[in-house]
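> I'd like to go over a predicted model; first the sequence, then the structure.
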Amino acid sequence: MAKDILVLGIESSCDETAAAVVKNGRQVLSNIISSQIVIHRQYGGVVPEIASRKHIEHILPVIDEALKQSHTTLEDIDAVAVTYGPGLVGALLVGLSAAKALAWAAAKPLLGVNHLEGHVFANFVNDATLEPPFLALVVSGGHTALLQVTGYNSFKLLGQTRDDAAGEAFDKIARVMGLPYPGGPEIEKLALQGNPQAVAFPRAMLADEPYAFSFSGMKSAVINYLHNEQQKGITVNFADVAASFQEAVTDVLVQKAIYALQTTGLKTVVLAGGVSANKVLQDKLAQAAAKAGAHLVHPTPILCTDNAVMIACRGYFMFQDGERSSWSLNADPALRFQ
């Protein structure tokens with residue numbers, strides 16, 4: 001019988017300090033997250049310096065709690081996996097420094113994990129039958145991309161956003177409408193009261209790059225609509241605007257994903273990233289995938305946002321493939337899909 005592999009995951013790329021212990025890449029033994037949302041909400045977004053300071057305060061207690069809840073010690077752990085990019089450089093360095101110190105002290109392998117790949121791997125925890133190949137639609141505050149996952153450690157980038165990420169557009173529109181940070185869940189909540197067909201916002205389909213995305217034009221169109229209506233003295237129905245904007249964004253995401261399924265011949269599509277928690281996106285993509293003869297896998301809400309479970313899961317498959325990171329590993333705030 002093969003030995004169980006325990007991986008300690010550490011995540012600190014933005015405004016969540018997280019640690020988790022995962023067994024054999026799919027069984028979650030602990031999942032601890034210290035969120036800074038309440039702190040940053042008063043500023044309308046994440047303040048990098050504050051985020052870094054809070055990570056310093058919380059990183060060791062969060063790791064201690066993850067080990068405690070998993071009923072393991074550092075000696076039981078087989079490898080330490082940590083996000084090294086992309087993200088806020090100061091925030092990344094906190095988690096990376098802690099991971100290096102623990103791995104060095106306990107003589108454990110260090111595994112530097114790409115945060116974006118981590119989001120994709122959260123789906124392996126949710127679906128015990130999931131295995132490559134499959135299509136991944138990564139939708140977050142900083143990134144929007146389509147990936148062809150050909151193996152547990154091999155990926156092909158099909159296309160990504162040319163400008164704003166979908167989650168970034170959600171946050172910016174929410175801020176213009178006076179909604180609190182983070183904007184995505186607030187837009188989704190408000191949209192429940194609105195008509196998604198009320199305003200015909202543009203959809204950039206980019207015929208020359210069918211796998212690529214662009215949301216800056218749509219974002220500008222929404223902002224211009226709000227300003228023009230207000231200048232005319234017309235009372236804006238914010239629920240209709242939220243619903244119409246959400247409809248436009250999800251239309252683009254779903255159409256691009258279905259096109260990628262059809263052209264690659266893949267039969268499974270997974271959602272990844274913070275925006276994957278959006279129920280409208282989940283429902284529309286599930287229905288469209290079924291019509292195309294495919295099926296959708298998406299994480300539970302707690303694994304959609306930043307967490308260390310996904311980092312530990314990705315680290316497990318790297319560990320099994322013989323990958324190890326150097327002690328000179330540094331934070332890479334602009335890291336992309338490899």
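Done, it's in.
> buried residues in the host helix or strand of Leu67?
For Leu67, the host element (DSSP states H and E) is helix 48-69. Within helix 48-69, the residues scored as buried using 16 or more other C-beta atoms under 10 Å are 50-56, 58-59, 62-63, 66-67. Where C-beta positions appear, they are placed from N, C-alpha and C, glycine not excepted.
> Identify, from the residues you listed, the entry nearest to Asp321.
Ranked by distance to Asp321 (C-beta to C-beta), the buried residues of helix 48-69 are led by Ala66 at 23.9 Å.
> give the contact list for Ser12.
Contacts for Ser12 (C-beta atoms under 8 Å, 6 or more residues apart in numbering) come out as Ala18, His55, Ile59, Thr83, Gly87, Ala91, Leu92, Val94, Gly95, Leu96.
> Give the partner strands of the following helix or strand past the helix holding Leu67 in its sheet and their orientations.
Next helix or strand after helix 48-69 toward the C-terminus (DSSP H and E): strand 79-85. Partners of strand 79-85 in the sheet, by DSSP bridges, are strand 6-11 (parallel), strand 110-114 (parallel).
> Pick the most buried one from the ones you listed.
Most buried of the strands paired with strand 79-85, by mean neighbour count (mean count of other C-beta atoms under 10 Å): strand 6-11, with a mean of 29.
> What segments of the stretch 201-338 of the chain are strands?
Assigned by DSSP state E, counting those that start in this stretch, the strands in the stretch 201-338 of the chain fall at 268-272, 295-297.
> out of those strands, deepest packed?
Across these, averaging neighbours per residue (mean count of other C-beta under 10 Å) puts strand 268-272 on top, at a mean of 26.
> which helices and strands does that strand pack with?
helix 115-126, strand 134-139, helix 238-264, helix 279-291, strand 295-297 (3 or more C-beta pairs under 8 Å, 6 or more residues apart in numbering; DSSP states H and E).
> So for His71, which of these sits nearest?
Of all the helices and strands packed on strand 268-272, helix 115-126 sits nearest to His71, with 18.7 Å by C-beta to C-beta.
> gap between that closest one and the chain center?
Relative to the centre of its chain, helix 115-126 is centred 8 Å away, using C-alpha atoms, centre = their mean, to the nearest Å.
> Give me the most central residue, this protein.
For the chain, Gly273 is the residue whose C-alpha lies nearest the centre (C-alpha atoms, centre = their mean; 2.2 Å).
> List the contacts of it.
Residues near Gly273 by C-beta under 8 Å, 6+ apart: Leu116, His119, Val138, Val139, Ser140, His143, Gly167, Cys304.
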